[in-house]
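Trainee: structure for the following, please:
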Amino acid sequence: PSKRVKEEAKLQQKLIDAYTKYIEMGVDGFRIDTVKNISRVMFNRHFIPAFRKAGGDNFFMFGEVATRVN
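Mentor: Numbering: from 1, shown residues only. Below you'll find the model as predicted:
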C-alpha cells in the first residue's frame, strides 16, 4: 500500500482507539455531527463495527445530514 493509505489506516485506528476508550468509560452512544464529512463506506466498514464491538448490540449511534436540492 502507498504511504497515504498506511497513514490513513493509522489515523482510523487512532480514532477507533480514542472512541473505544470513551465506550469503556461508560459512554453508551455517540451523536456523530460530522457524519456528512465521513465517507459512508469508511464509516460502515471500519467505525461502526469497531464501536459495536466495544459497546455491544445496545450501543447507540446517530448522525444527521441535511440535503438541499435547488
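
Trainee: can you give me the neighbour number for residue 55?
Mentor: 20 (other C-beta atoms under 10 Å). C-betas here are computed from N, CA, C, even on glycine.

Trainee: and the pLDDT for it?
Mentor: Note on residue 55: pLDDT of 95.

Trainee: other SSEs contacting the lowest-mean-pLDDT helix or strand in the chain?
Mentor: Within the chain, no helix or strand scores below helix 40-42, which has a mean of 85 by mean pLDDT, DSSP states H and E. Using 3 or more C-beta pairs under 8 Å, 6 or more residues apart in numbering; DSSP states H and E, no helix or strand is in contact with helix 40-42.

Trainee: name the residues of that helix that are buried.
Mentor: For helix 40-42, the buried set under the neighbour-count rule, 16 or more other C-beta atoms under 10 Å, is empty.

Trainee: now the element after that helix, going C-ward?
Mentor: Counting by DSSP states H and E, the next helix or strand C-terminal to helix 40-42 is helix 48-55.

Trainee: what's the first-to-last distance across stretch 19-36?
Mentor: 18 Å (C-alpha to C-alpha, to the nearest Å).

Trainee: return the distance of it from the chain's centre.
Mentor: Centre-to-centre, stretch 19-36 and its host chain are 8 Å apart (C-alpha atoms, centre = their mean, to the nearest Å).

Trainee: same question, stretch 23-40
Mentor: How far stretch 23-40 lies from its chain's middle: 6 Å, per C-alpha atoms, centre = their mean.

Trainee: what about that stretch, start to end distance?
Mentor: One end of stretch 23-40 sits 22 Å from the other (C-alpha to C-alpha).
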